[in-house]
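[1] After the sequence you'll find the predicted model.
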Amino acid sequence: MARNVLFLLLMLCAVTARAGCDYIAELHTDKFDIEISDGGCAGDTMITYKIGKNKTNSVPFYKECTMEELGRWFSCRKNGISPLAGATYKLVEHGKSSVCNLPDENTPYPTYRYVCVKGCNTSVPRHLETMDNCD
C-alpha cells in the first residue's frame, strides 16, 4: 500500500514539474537571435541572445522582465541589459498552423506572437514568435 502511495506521489510531482516549464518566445534574424525559455525544464527561465555577430549572452528573464499572470503581455525594465530592455510586448494572434492538428482534424490552430507595444525602437525586436506548444 505504501509503495502505491509513494509511486502515485512521485508521478504527481513529475507531472507538476513538467507543467512549470517555460517556452515563451524566440526570434532568429540577421540582427537578433533571441530565445526566452528554461532550456527544456533545465532550470531558470533565461533570455539567451546574440546581436549580430557578437557573442551569445544570457540573463534571467524574471529579473529583467515582468510577465502578466496569464502570459498575455510582458514588460522589461528600462535599465536591463538584454535587447528587450524598456520594451513591453503583447500577445496577439498571428495566422494559423496545422502543425498541432490531429490527423482527423481540418481546423488549423491559431498561432501567436508577442508584438512590441511600448518602448519600441530600432534597438528592440518588433515582435517575438511564440514557440509551438501544442496542448
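    Done, it's in.

[2] where are the low-confidence patches of this structure?
    Where the chain drops to pLDDT under 70, the residues are 1-20, 98-105, 132-135.

[3] mind redoing it with 90?
    By pLDDT under 90, the low-scoring segments of the chain are 1-23, 38-43, 51-53, 69-71, 94-111, 123, 131-135.

[4] Would you list the phi and psi of Gly39?
    phi 70, psi 30 (degrees, to the nearest 10).

[5] I misspoke; the intended subject was Phe61.
    phi -60, psi -50.

[6] residue contacts, it?
    22, 24, 36, 44-47, 67 (C-beta atoms under 8 Å, 6 or more residues apart in numbering). C-betas here are computed from N, CA, C, even on glycine.

[7] now Glu93
    Counted by C-beta under 8 Å, 6+ apart, Glu93 has contacts 110-112.

[8] One more pass at 6 Å, please.
    When contacts are counted by C-beta atoms under 6 Å, 6 or more residues apart in numbering, Glu93 touches 110, 112.

[9] Quick check: buried residues in the helix or strand encompassing it?
    Following DSSP states H and E, one finds Glu93 within strand 88-97. Of the residues in strand 88-97, 88-91 count as buried by neighbour count, 16 or more other C-beta atoms under 10 Å.

[10] which strands and helices sit next to the next helix or strand after that strand?
    Using DSSP H and E, the helix or strand that follows strand 88-97 in sequence is strand 109-118. Counting contacts by 3 or more C-beta pairs under 6 Å, 6 or more residues apart in numbering; DSSP states H and E, strand 109-118 is packed against strand 88-97, strand 127-130.
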